[in-house]
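Enquirer: mind looking at a prediction? Sequence and model below.
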Amino acid sequence: MICQHVSCKTVKIPLQNNKSIFLLFTFGRINQIIIFSLLMSEKRAIMMSSTLMSGNGCCMKIKSNTRKLKAAETKRKIYESAVLLMKEHGLDGFTVDDVVQLAGVSKGSFYVHFKSKYSLIAEHVTNVDNDYEAFFRTIPKDRKASEILFMMTDKIADILVNNVGFATMRTVYEVALKKADGTDAVLNQNRKINQIYQDIITQGVRQGEFTDQLDIESVSNQFVMGIRGLAFQWCAHYPDFDLKKEVMQLFTLMLKGISAS
């Protein structure tokens, strides 16, 4: 009995004397093995193909998965092209037409995934937060909370300076101040970065390193707003402002304020 989720394809290969053979490829979850059959008869190939593909909806599933993969790839191309243009020209320095031309997709495809070029900011913020979270998960949890806090903060400053960059950061603040559609994610206090600091401070309180008199959520948000404020100063005084240095100095002072000793 042939297992479910099987698809197949027949390929005709011409031979001499007006004869042909038919190759039947079947793809299914049979120990992840691709089954290959050599058929001398076109009629047999058609019958075999129909038998395999009937009754289990496999074609629809494969087509659906293919569409999803294609859509994800299109979205990735649009996003990466927009980020490149944003770094070079700022958000107001390019149009949707510029994005789709660089990405090699249609304009309609852009609006399938994004309401406007401003909504690209929300996607960018999400991806940056994912980078923060990925790093946070690599830090051993047996480290002191204060050490984790400094490691995390140093990494955030590094990502802002070297990955996000001044031009993109400036653009993020510009569109946030305009309250453009899709930019609520920039100032949202439910971002992953806020949760990361909340987890670190909770650990510090539990370990007795930080005072237990803290409103943990409020303090966590204060740490994030500290980074955001200094990043704004970086944009305002670029290139004469050392973001990493200033962030670490501020957090040293803030850490003393929440210390249990």
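Expert: That came through, no problem.

Enquirer: show me the contacts for the closest residue to Asp97 other than its chain neighbours.
Expert: Excluding its sequence neighbours, the residue lying closest to Asp97 (CB to CB, 6 or more residues apart in numbering) is Lys107, at 6.8 Å. To be clear about C-beta, it is placed using only N, CA and C from the backbone, and glycine gets the same treatment. The neighbours of Lys107, taking CB atoms under 8 Å, 6 or more residues apart in numbering as the test, are 96-97, 100.

Enquirer: now the residues you listed as CSV including pLDDT and neighbour count?
Expert: As requested, the contacts of Lys107 are exported to CSV (pLDDT from 0 to 100; neighbours: other CB atoms under 10 Å):
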residue, pLDDT, neighbour count
Val96, 95, 16
Asp97, 95, 10
Val100, 95, 20
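
Enquirer: give me the subset of those lying in strands.
Expert: Applying DSSP state E to those, no entry is found in strands.

Enquirer: among those, which lie within helices?
Expert: Assigned to helices by DSSP state H, the following of the contacts of Lys107 qualify: 96-97, 100.

Enquirer: just the closest of those to Glu174, please.
Expert: Nearest to Glu174 among the ones in helices among the contacts of Lys107, counting by CB to CB, is Val96 at 17.6 Å.

Enquirer: wouldn't that closest one be in contact with Lys117 here?
Expert: Yes - Val96 is within contact range of Lys117, at 5.7 Å (criterion: CB atoms under 8 Å).

Enquirer: before we move on, the earlier item: which one of the contacts of Lys107 is nearest Arg191?
Expert: Nearest to Arg191 among those is Val96, at 26.2 Å by CB to CB.

Enquirer: got TSV for the ones in helices among the contacts of Lys107, with distance to Tyr132 too?
Expert: Listed next are the ones in helices among the contacts of Lys107 as TSV, based on distance: CB to CB, whole Å:
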residue	distance to Tyr132
Val96	29
Asp97	33
Val100	30
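
Enquirer: closest to Ala231 among those residues?
Expert: When the ones in helices among the contacts of Lys107 are compared against Ala231 (criterion: CB to CB), the nearest one is Val96, at 27.0 Å.

Enquirer: so what's the closest one up against?
Expert: Val96 neighbours (CB under 8 Å, 6+ apart): 107, 110, 116-117.

Enquirer: any idea how far the nearest residue to Ala145 once chain neighbours are set aside lies from Val247?
Expert: Using CB to CB, 6+ apart and skipping the chain neighbours, the partner closest in space to Ala145 is Gly204 (3.2 Å). Distance, Gly204 to Val247, by CB to CB, to the nearest Å: 19 Å.

Enquirer: what about the residue nearest to Asp97, distance to Thr171?
Expert: 22 Å.

Enquirer: and what of Leu230?
Expert: Distance, Leu230 to Thr171, using CB to CB: 18 Å.

Enquirer: over to Tyr238?
Expert: To Thr171, Tyr238 is 13 Å away according to CB to CB.

Enquirer: check Gln207 too.
Expert: 40 Å.

Enquirer: those two: which is more packed in?
Expert: Thr171 (24 against 12; other CB atoms under 10 Å).

Enquirer: wait, the more buried one touches Met86, no?
Expert: Yes - between Thr171 and Met86 there is a contact under CB under 8 Å: 5.6 Å.
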